[in-house]
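Chemist: sequence and predicted structure below; questions after.
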Amino acid sequence: MIYPLKISAEFLQHKNILITGGTGSFGNQMVKTLLQFSPRKIIVFSRDEYKQYEMKKKFNPKEYTNMRYLIGDIRDLERLKFAFKDVDLIFHAAALKQVPAMEYNPSEAIKTNIYGAENVIKAAIINNVSRVIAISTDKAVAPVNLYGATKMCFEKLFLSNDFSLDEFTHCEMEKPHTKFSVMRYGNVFGSRGSVVPLFLKQQQIGQFTITHQDMTRFTISLEDAIHFVLNCSETMVGGEIFIPKLPSYNIVDLAKSIDDTIPVNIMGIRPGEKMHECMISETESSTTLNCKNEFIIIPICRFNNKNILSYYVQYYTKLNKFVKIRDTGEYNSKDNCYLSTKQLSSLVDEYKTKI
């Protein structure tokens, strides 16, 4: 485990917490973790009634009396206004994510990932929600596909709505307002639609299909992703992008860790696919704080304001005891520490025990 859970019980107790896209991998693990802290209410907001039905069987409402399930779509502003009433904390994970599908259906990606995000922001502000944590992806950095482009816009929307910068003073940070922050991380190991379950199916067939033998990706376990998001949600000031420090893997090493006797068929890079992912661009690097366990990007409009920059640096120095400006080029999956096939094999074995 890279990120142990450090959030205080007091932060979550007696809170009403809502998760958009709450029936997905992220939502299921988030609910499982939140239930340890007995919040007043956990609201699962999603548009798939069957997945909610399956989730109710997993988290029995008779046992977990603080669970609520709301059917709705983030494209529907009025429904969000109703859902967010009296909510204290929102984890916004709803999105259309499959790269090939989004390339073929671009307008649908825009409606959900951009206009839907805008609706979440509006409804949160109208209802005076205390904090909104938006879940992003490394594909938002220098995007080459529509999914990444919508997530780049998604990030800009959330960060631009945090607070007015026109007449900033230190006390502005302490005034009650809806705080928005973004959590940006890499591929979740073994998540639905990821390469691990695909490779396990292909193992039965006797052949792995790989787009390019040199391809690399960042990786994080689902449990670590949830812990990272929760830890940052307590410490956030608002207006930041939080990025965990993660290892990378080579795609061929991952296949070999599952079965090194099976042949690999190189298919060629698909439209909208990168050889290597990037979590901090070269441009962002100069406005990034390098903390003990994570990077924190301060948007350039805030970074250039010395009062705002000073506030962030002092605040995170106090929390982390060590903060410096990164300013060392992009943070990508190629120029990074790699997991060995042995380490990958252990992760695959752990994943198998959970399916």
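Modeler: Received the coordinates, thanks.

Chemist: low-confidence regions, the stretch 201-350 of the chain specifically.
Modeler: 300-305 (pLDDT under 70).

Chemist: what segments of it are helices?
Modeler: Assigned by DSSP state H, counting those that start in this stretch, the stretch 201-350 of the chain shows helices spanning 222-235, 251-258, 282-285, 300-303, 306-320, 341-354.

Chemist: could you dump those to TSV with distance to residue 57?
Modeler: C-beta: built from backbone N, CA, C; applies to glycine. Converted to TSV, the helices of the stretch 201-350 of the chain look like this (distance: least, C-beta to C-beta, whole Å):
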stretch	distance to residue 57
helix 222-235	20
helix 251-258	30
helix 282-285	43
helix 300-303	45
helix 306-320	40
helix 341-354	17
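
Chemist: separation between the most centrally placed residue in the chain and residue 91?
Modeler: By C-alpha atoms, centre = their mean, the mean C-alpha position of the chain lies nearest to residue 135, the distance being 3.3 Å. Separation of residue 135 from residue 91 (C-beta to C-beta, to the nearest Å): 7 Å.

Chemist: excluding chain neighbours, what is closest to residue 35?
Modeler: Distance criterion C-beta to C-beta, 6 or more residues apart in numbering; nearest residue to residue 35, sequence neighbours excluded, is residue 64 at 6.2 Å.

Chemist: which other residues reach the helix or strand harbouring the residue nearest to the centre of the chain?
Modeler: According to DSSP states H and E, residue 135 maps onto strand 131-137. If you take C-beta atoms under 8 Å, 6 or more residues apart in numbering as the criterion, strand 131-137 is touched by 26, 88-93, 95, 97, 117, 120-121, 124, 147-148, 151, 154-155, 158, 178-186, 229, 232-233, 236, 238, 241.

Chemist: so which of those residues are in helices?
Modeler: Counting by DSSP state H, those place 26, 117, 120-121, 124, 147-148, 151, 154-155, 158, 229, 232-233 in helices.

Chemist: a markdown table for these, including neighbour count and distance to residue 39?
Modeler: Converted to a markdown table, these look like this (neighbours: other C-beta atoms under 10 Å; distance: C-beta to C-beta, whole Å):
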| residue | neighbour count | distance to residue 39 |
| --- | --- | --- |
| 26 | 23 | 17 |
| 117 | 25 | 24 |
| 120 | 27 | 20 |
| 121 | 22 | 23 |
| 124 | 25 | 18 |
| 147 | 25 | 31 |
| 148 | 22 | 33 |
| 151 | 28 | 28 |
| 154 | 25 | 26 |
| 155 | 21 | 27 |
| 158 | 25 | 23 |
| 229 | 23 | 15 |
| 232 | 22 | 18 |
| 233 | 22 | 12 |
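
Chemist: tell me the one of those residues nearest residue 323?
Modeler: Among these, residue 232 lies closest to residue 323 (C-beta to C-beta), at 14.7 Å.

Chemist: how close does that closest one get to residue 200?
Modeler: 31 Å.

Chemist: packing partners for the helix or strand where residue 82 lies?
Modeler: Residue 82 is part of helix 77-83, with elements assigned from DSSP H and E. Counting contacts by 3 or more C-beta pairs under 8 Å, 6 or more residues apart in numbering; DSSP states H and E, helix 77-83 is packed against helix 116-126.

Chemist: what's the helix it packs on in contact with?
Modeler: Defining contact as C-beta under 8 Å, 6+ apart, one finds that helix 116-126 is touched by 20, 73-77, 80-81, 83-84, 90, 92, 94-95, 132, 134, 153-154, 157-158, 161, 178, 180.

Chemist: how about a cut-off of 6 Å?
Modeler: Helix 116-126 is contacted by residues 74-75, 77, 80-81, 84, 92, 132, 154, 157, 161, 178 when judged by C-beta atoms under 6 Å, 6 or more residues apart in numbering.

Chemist: which members of the residues you listed are classed as buried?
Modeler: Listed as buried from the contacts of helix 116-126 are 74, 77, 80, 84, 92, 132, 154, 157, 161, 178; burial here means 16 or more other C-beta atoms under 10 Å.

Chemist: for the third one, what are its contacts?
Modeler: Read it as residue 80. By C-beta under 6 Å, 6+ apart, residue 80 lies in contact with 119, 123.

Chemist: per-residue confidence at it?
Modeler: For residue 80, the pLDDT comes out at 98.

Chemist: now it: how far from residue 288?
Modeler: Distance from residue 80 to residue 288, counting by C-beta to C-beta: 32 Å.

Chemist: who does residue 18 bridge with?
Modeler: For residue 18, the beta-bridge partners are residue 43, residue 90 (DSSP bridges).

Chemist: oh, and call the first residue 15 from now on, that's how I've got it
Modeler: Noted, 15 is the first residue going forward, which turns the last one into residue 32.

Chemist: tell me if I'm right that it and residue 100 touch.
Modeler: No. With contact defined as C-beta atoms under 6 Å, residue 32 does not count as touching residue 100 (10.0 Å).

Chemist: of those two, who's got more company?
Modeler: More crowded of residue 32 and residue 100, by other C-beta atoms under 10 Å: residue 32, with 27 against 12.

Chemist: so who does the more buried one touch?
Modeler: Here residue 32 is in contact with 57, 59, 101, 104 (C-beta under 6 Å, 6+ apart).

Chemist: tell me the spacing between it and residue 81.
Modeler: Here residue 32 is placed at a distance of 12 Å from residue 81 (C-beta to C-beta).

Chemist: point out where the stretch 65-214 of the chain drops to low pLDDT.
Modeler: Low-confidence segments of the stretch 65-214 of the chain (pLDDT under 70): 176-190.

Chemist: dump the residue contacts of residue 47.
Modeler: Listed by C-beta under 6 Å, 6+ apart, the contact set of residue 47 reads residue 240.
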